[in-house]
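S.K.: got a predicted structure plus its sequence, pasted below:
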Amino acid sequence: MAYMADEDYDYLFKVVLIGDSGVGKTNLLSRFARNEFSLESKSTVGVEFATRTIHVDNKLIKAQIWDTAGQERYRAITNAYYRGSAAALVVYDVTRHVTFENAERWLRELRNHTDANLVVMLVGNKADLGHIRAVSVEEAQAFVQRERLFFMETSALDSTNVENAFTRVLTQIHHVVSNKKVLGVGADPAALPGGQTIKLNTEDDDDDVRAVKKTSCC
């Protein structure tokens, strides 16, 4: 399927941020997309997203990053947005062990709604608060080895590893696409095609979530 191009990029990938409320998902998004940080950021209501374009392996990759609310009352809403994701960052707060414990639940929910080729990174945010750390690097590494995830600690406050985390995930998605490591018929690592409308009220419209390389229309 071909789509009219309205921007100069080769691929458009959808990435979701999930995890408990207050772990810093919104600030990770704003730091990567706009190099901004707010000490007074409020909890996300529903879903917000931002975009940024970077170069990966001589290709121009546009990331559409979705910040999903962590509050329980919004989980029924956010479930609809997992479909079509090419990657996910499962975020916890290194100073709150319960947010790390809940990462397993978020990961399970993610896998129940996405393709097996999804690129997943566990992100320990607020690494600048290491002096009050509640989750050790070793504990997190044991989890990611068991679950076969990527892992990185970040700080949205001082920018530590934020760029690296998103770039590594986007690079891995591109490798999956370029190497055609696709499971099943039509199960491309998901990305939103250039110029295609995002239908927020649908769960099963594969035309909106299929991974494609951008081409000229017809």
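M.R.: Looks like it came in fine.
S.K.: hey, let's count contacts and neighbours off CA atoms from now on
M.R.: OK.
S.K.: in what helix or strand does residue 108 lie?
M.R.: Take DSSP states H and E as the rule and residue 108 turns out to sit in helix 103-113.
S.K.: list of residues touching the following helix or strand past that helix?
M.R.: Per DSSP H and E, the first helix or strand lying C-terminal to helix 103-113 is strand 119-125. Residues external to strand 119-125 that are found in contact with it (CA atoms under 8 Å, 6 or more residues apart in numbering): 23-24, 86-94, 144, 149-156, 165, 169, 172-173.
S.K.: the helix or strand following strand 119-125 to strand 119-125, inter-axis angle?
M.R.: Next in sequence after strand 119-125, counting helices and strands by DSSP H and E, comes helix 137-147. If you take axes from the mean of the first three to the mean of the last three CA atoms, to 10 degrees, helix 137-147 sits at 160 degrees to strand 119-125.
S.K.: which of the residues in helix 137-147 are buried?
M.R.: 140-141, 143-144 (16 or more other CA atoms under 10 Å).
S.K.: next one: stretch 112-121
M.R.: Those would be 114-115, 117-121, for stretch 112-121 by 16+ other CA under 10 Å.
S.K.: end to end on it, go ahead and measure it.
M.R.: Using CA to CA, to the nearest Å, the end-to-end distance of stretch 112-121 comes out at 16 Å.
S.K.: ok now it, how far from the chain's centre?
M.R.: 10 Å (CA atoms, centre = their mean, to the nearest Å).
S.K.: and the helix holding residue 108, what does it pack against?
M.R.: Helix 103-113 is packed against helix 75-82, strand 87-93, with contacts defined by 3 or more CA pairs under 8 Å, 6 or more residues apart in numbering; DSSP states H and E.
S.K.: got the angle for that helix vs strand 119-125?
M.R.: Using the same axes, to 10 degrees: helix 103-113 against strand 119-125 is 160 degrees.
S.K.: returning to what we had before: lowest average confidence across the helices and strands packed on helix 103-113, which one?
M.R.: Mean pLDDT per stretch puts helix 75-82 lowest among those, at a mean of 65.
S.K.: do you know how far the nearest residue to residue 83 once chain neighbours are set aside is from residue 51?
M.R.: With CA to CA, 6 or more residues apart in numbering as the criterion, residue 83 has its nearest non-adjacent residue at 5.7 Å, and that residue is residue 114. Distance from residue 114 to residue 51, counting by CA to CA: 21 Å.
S.K.: helix or strand with the lowest mean pLDDT in the protein?
M.R.: One helix or strand of the chain scores below all others by mean pLDDT, DSSP states H and E: helix 75-82, with a mean of 65.
S.K.: having no further points to raise, I will conclude here.
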